[in-house]
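Q: no FASTA, just this:
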């Protein structure tokens, strides 16, 4: 019996992970805030750790206008100036 | 000669082994499936009058183009008959409407399920159930049409629990959550007619919904008192789950429908009454253990369950006896709204 694969393959080029950072010192990190109630406090905490213990120089923090929809392209454009971007949820 | 199908094929010895393959790969909801063979898939495509490569809908966020071939595979797997295909394809078009926010309600920790209401001649043509046990088992069509959409979400959109589907709990409606409206025994116009579908046409309406909550009031003939019971259930949902306004569905069984309509009330009157009564103050959060958040903004602010009376979807379904009804709450206010799609063919 021959059965068909129910999955739909993703179209376009496969995405790959960016190369790992060599060091955190002196770099810029972006934060995508998912607009939930706990996210800002969570990122404040993460920012303090990254700044004091790892020497991260600068942060670009952006809050999504809507927690249940993707970040708008212009926001992703601003975040692309960072060396790395974190996306976290703060439900 | 029809075009070749695009899906990869796997050779298995029998239906049992086909199920083992699908279970092992996470291609099902945990229940057994009908093995999707090319012959069956082609019969389903033919019933829908669709080419395999036809795009039925495009999920707007991840831009997944859902082909008729994949819809037919899901419908076969779910246990549909070929003649259900036009309902399933209409359902796919409905959930791909941007305002349904399929990606958001699939990925959300809130754990919603598509609540499907079918209207029009197709209900009786394919043997859907609208009476006893209307929201549960009782009809192959109800069960398998709703399940088709779940299998598509899993396999075509990647809505796998713990991966794209981040539901904390989910609810049993995620297996299937599909009802037909009891148009023949309702004193009111069908839901689809209220939403602009011409008489004689069939349609699906879909809402990203939380679990249904059953209410009972069979001790009054006053419409306001009956509806106060529904409003109380909605207020409880607003306080204990989500305060945000959006589409609520009420599924009302015959006994209450006849009482309310017998008093001269239309569906519009019901909607107005529920709109007025289903509202809470932000400060009421304090009564349910949510004092920590209540004081962050003005506690006197009034929140309505519905943005307007038209947000209420009133559906006639259920067995003839008992003063029962059900409140179906929205996933997350108006972040996803109900969508109605006409069923083509079938």
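A: Thanks, I have it. Keep in mind it's a predicted model, so treat the numbers as computed, not measured.
Q: pretty sure residue B:143 contacts residue B:176?
A: Yes. The criterion here is C-beta atoms under 8 Å, and residue B:143 meets it with residue B:176 at 5.3 Å. All C-beta atoms are positioned from the backbone trio N, CA, C, and that covers glycine.
Q: Looking at those two, which is more packed in?
A: residue B:176 (23 against 20; other C-beta atoms under 10 Å in any protein chain shown).
Q: Leaving out sequence neighbours, find the closest residue to that one.
A: residue B:146 (3.2 Å; C-beta to C-beta, 6 or more residues apart in numbering or on different chains).
Q: Please report how far that neighbour lies from residue B:136.
A: Distance, residue B:146 to residue B:136, using C-beta to C-beta, to the nearest Å: 11 Å.
Q: Contact partners for whichever residue of chain A sits closest to chain B?
A: Closest residue of chain A to chain B, C-beta to the nearest C-beta: residue A:68 (3.7 Å). Contacts for residue A:68 were tallied using C-beta atoms under 8 Å, 6 or more residues apart in numbering or on different chains; they are B:101, B:104-105, B:108, B:332, B:335-336.
Q: I'd like the distance from the worst-scoring helix or strand of chain A on mean pLDDT to the chain centre, please.
A: Within chain A, no helix or strand scores below strand A:84-88, which has a mean of 90 by mean pLDDT, DSSP states H and E. A distance of 2 Å separates the centroid of the chain from that of strand A:84-88, by C-alpha atoms, centre = their mean, to the nearest Å.
Q: strands paired with it, and their directions?
A: strand A:28-33 (parallel) (DSSP bridges).
Q: quick one: is the next helix or strand after the partner strand near chain B?
A: Note on strand A:28-33: by DSSP states H and E, the next helix or strand toward the C-terminus is helix A:39-54. No. Using C-beta under 8 Å from any C-beta of the partner chain, helix A:39-54 stays clear of chain B, coming no nearer than 13.2 Å.
Q: Who are the packing partners of the helix or strand that comes right after helix A:39-54?
A: The first helix or strand that comes after helix A:39-54 along the chain, using DSSP H and E, is strand A:58-63. Applying 3 or more C-beta pairs under 8 Å, 6 or more residues apart in numbering or on different chains; DSSP states H and E, we find strand A:58-63 packed against strand A:28-33, helix A:39-54, helix A:73-79.
Q: List the buried residues of stretch A:65-82.
A: Neighbour counts using 16 or more other C-beta atoms under 10 Å in any protein chain shown place A:67-69, A:71, A:75, A:79, A:82 of stretch A:65-82 among the buried residues.
Q: how far does stretch B:76-91 stretch from start to finish?
A: 15 Å (C-alpha to C-alpha, to the nearest Å).
Q: and it, average pLDDT?
A: In this model, stretch B:76-91 has a mean pLDDT of 98.
Q: How about stretch B:289-303?
A: For stretch B:289-303, the mean confidence score works out to 96.
Q: Residue B:46: neighbour count?
A: 13.
Q: these two touch, right, it and residue B:82?
A: Yes. With contact defined as C-beta under 8 Å, residue B:46 counts as touching residue B:82 (7.3 Å).
Q: residue boundaries of the helices in the stretch 201-346 of chain B?
A: Under the criterion DSSP state H, counting those that start in this stretch, the stretch 201-346 of chain B contains helices at B:223-240, B:254-262, B:267-277, B:291-294.
Q: Of all those helices, which one comes closest to chain A?
A: helix B:291-294 (7.7 Å).
Q: who touches the closest one?
A: A:37, B:282-286.
Q: and if we set it to 7 Å?
A: Helix B:291-294 is contacted by residues B:282-283, B:285-286 when judged by C-beta atoms under 7 Å, 6 or more residues apart in numbering or on different chains.
Q: now do stretch B:103-111
A: So stretch B:103-111 is contacted by A:68-69, A:91, B:59, B:61-62, B:112, B:153, B:157, B:159, B:164-171, B:208, B:331-332, B:335-336 (C-beta under 7 Å, 6+ apart).
Q: what's the closest non-adjacent residue to the residue of the stretch 201-346 of chain B found nearest chain A?
A: Chain A sits closest to residue B:335 of the stretch 201-346 of chain B, with a gap of 4.5 Å, by C-beta to the nearest C-beta. Leaving aside its sequence neighbours, residue B:335 sits nearest to residue A:68 (C-beta to C-beta, 6+ apart; 4.5 Å).
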